[in-house]
Every structure is written in C-alpha cells, then in structure tokens.
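Participant: whatever this is, show me its structure:
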Amino acid sequence: MAGALTLHWSPKSPYVRKVMVCAHELGLVDRLELVRSVAAMLKPNPAIMAVNPLSKIPTLVREDGPPLFDSVVICEYRTSWPADRCSPPGASRAGRRCAGMLSATGCSTR
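Facilitator: All right, here's what the predicted structure looks like:
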C-alpha cells in the first residue's frame, strides 16, 4: 500500500488531466494531496526541481520510493496498488516505470 502521495499539478496540463482521469477511474483521488504548481520552460519552479530534474508536471512525490514523473509512469504506478483491477502483477513493473522515466528525460533504455 502506498504511503503519503503529493501530486504537483495544474489544471491546464493535458498530462495532469490524464493522471487525474486514471486516479478517478481507480478510485484513488482521496489518497492524493494536490499541490498546484507552475512549470514554465524559461523559469524552472524550485519546488518541482527539488524532486524532478525536468521541472515538469505532473510529478508524484511519494513516501515509499523516489518521485515519479511523466503521466504514463505515474499511471503505471497507480495501477500497481492493491485496489488495481487493470493490470496483472509482475516483477517487470518497476523496470517499466524506470524505462518510462528514462524515456521522459530523453535517455535511451537500450
């Protein structure tokens, strides 16, 4: 089970909306602390930079592991919670999250 979760978000971001749809569909919205954050390309947000080197939203800060960024990675993490009925369990889940974050930073996973 996940510990405390903080989501840096903005209603203008289509990627944040994707994460929120996922959270609503899985009934997980009540577990999130939403922190409205501004992420601008020319002026990085220090609060986001402290947890995400890309200074982008959405960024999910969690007690039980490193922060997650990129909407695909965050949604994949959420579907791994015990309430999940959307994806099968498997040891490769962490690898997919890592590959997704590497992809978000522009690094090759090969």
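Participant: next one: Arg17 from Pro44, what distance?
Facilitator: Arg17 sits 22 Å away from Pro44, going by CB to CB, to the nearest Å. Where C-beta positions appear, they are placed from N, C-alpha and C, glycine not excepted.
Participant: I should have written Val21 there, sorry.
Facilitator: From Val21 across to Pro44, the span is 27 Å (CB to CB).
Participant: higher neighbour count, those two?
Facilitator: Higher neighbour count among Val21 and Pro44: Pro44, with 15 against 12, using other CB atoms under 10 Å.
Participant: now do the same contact list for that one.
Facilitator: Ser55 (CB atoms under 8 Å, 6 or more residues apart in numbering).
Participant: A helix includes it, no?
Facilitator: No - secondary structure of Pro44 (DSSP: H, G, I helix; E, B strand; the rest coil): coil, not part of a helix.
Participant: list the contacts of the helix or strand hosting His8.
Facilitator: Element membership for His8, per DSSP states H and E: strand 5-9. Strand 5-9 has contacts (CB under 8 Å, 6+ apart) with 16, 19-20, 31-37, 39, 47-48, 51-52, 57-63, 74.
Participant: give me the buried subset of these.
Facilitator: Among the contacts of strand 5-9, those classed as buried by 16 or more other CB atoms under 10 Å are 16, 19-20, 31-32, 34, 37, 39, 47-48, 51-52, 57-62, 74.
Participant: give me the subset of those residues that lies in helices.
Facilitator: The helices, defined by DSSP state H, take in 16, 19-20, 47-48, 74 from the buried ones among the contacts of strand 5-9.
Participant: can you redo those as a markdown table with pLDDT?
Facilitator: Formatted as a markdown table, these follow (pLDDT from 0 to 100):
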| residue | pLDDT |
| --- | --- |
| Val16 | 93 |
| Val19 | 91 |
| Met20 | 91 |
| Ala47 | 90 |
| Ile48 | 92 |
| Ile74 | 90 |
